[in-house]
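Enquirer: Provided below are the primary sequence and the corresponding predicted coordinates.
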Amino acid sequence: MPWPKSMKTVRIRQGNLFAADCPTRNILDDVTSRWGALVLVLLLKESCYRFSELAYLIGGVSEKMLAQTLRALEEDGFVLRKVHPTKPPKVEYSLTPLGKEVAERMQALTSYIEANVGKVLAHRASTAKLMA
């Protein structure tokens, strides 16, 4: 059966972060959230991690927040959740090709921040003295 004519002409529109109703804002929130950025960069380092490994390696994240973050990144198509049929079930998380692409960009940003944290903290300290 051929596709309906309207399906042939449907286009996925390009995002516009500055439009109030654009879904790109939600995706950006997922990727740049505190835990989302860390999950993406960590998964870039290894091919896959189990939930408990991610929770251990990302200091300070609660299980609830990690689960919510992984679910959001999975819904966006950045993270792949694979369940192995064992008892108990073994669940592993890895990056999809789309996730690898965004994680590489996030890693560039996080590496920049790590390299320049001293400059930022010095600026904060000098600004705090001026305000006091």
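Expert: Received the coordinates, thanks. Residues are numbered from 1 along each chain as shown.
Enquirer: ok so Leu80 is a helix residue?
Expert: No. Counting by DSSP: H, G, I helix; E, B strand; the rest coil, Leu80 is located in no helix; its state is strand.
Enquirer: ok, it touching Val91?
Expert: No. At 10.9 Å, Leu80 does not count as touching Val91 under the criterion of CB atoms under 8 Å. C-beta here means a position set from N, CA and C on the backbone, and glycine is covered the same way.
Enquirer: flag the shaky bits of the protein, pLDDT-wise.
Expert: Applying pLDDT under 70 to the chain flags the ranges 1-12.
Enquirer: any idea where the strands of it begin and end?
Expert: All strands of the chain, identified by DSSP state E, fall at 49-50, 79-84, 90-95.
Enquirer: so Val61 touches Ser33, yeah?
Expert: No. The pair Val61 and Ser33 fails to qualify as a contact (CB under 8 Å) at a distance of 10.9 Å.
Enquirer: give the residues shared as contacts by these two.
Expert: Residues touching both Val61 and Ser33 (CB atoms under 8 Å, 6 or more residues apart in numbering): Thr69.
Enquirer: what's the burial count for Gln107?
Expert: For Gln107, the count of nearby residues is 16 (other CB atoms under 10 Å).
Enquirer: what's near enough to touch it?
Expert: Contacts of Gln107 by CB under 8 Å, 6+ apart are Leu40, Val41, Leu44.
Enquirer: what's the spacing between Leu17 and Ile27?
Expert: Taking CB to CB, to the nearest Å as the measure, Leu17 falls 10 Å from Ile27.
Enquirer: between the two, which is the more surrounded one?
Expert: Remark: of Leu17 and Ile27, Ile27 carries more neighbours, 19 against 9, as counted by other CB under 10 Å.
Enquirer: hmm, Glu75 and the more buried one touching each other?
Expert: No. Using CB under 8 Å, Ile27 makes no contact with Glu75, being 9.7 Å away.
Enquirer: excluding chain neighbours, what is closest to Cys22?
Expert: Computed as CB to CB, 6 or more residues apart in numbering, the closest residue to Cys22 that is not its neighbour in sequence is Asn16, at 5.0 Å.
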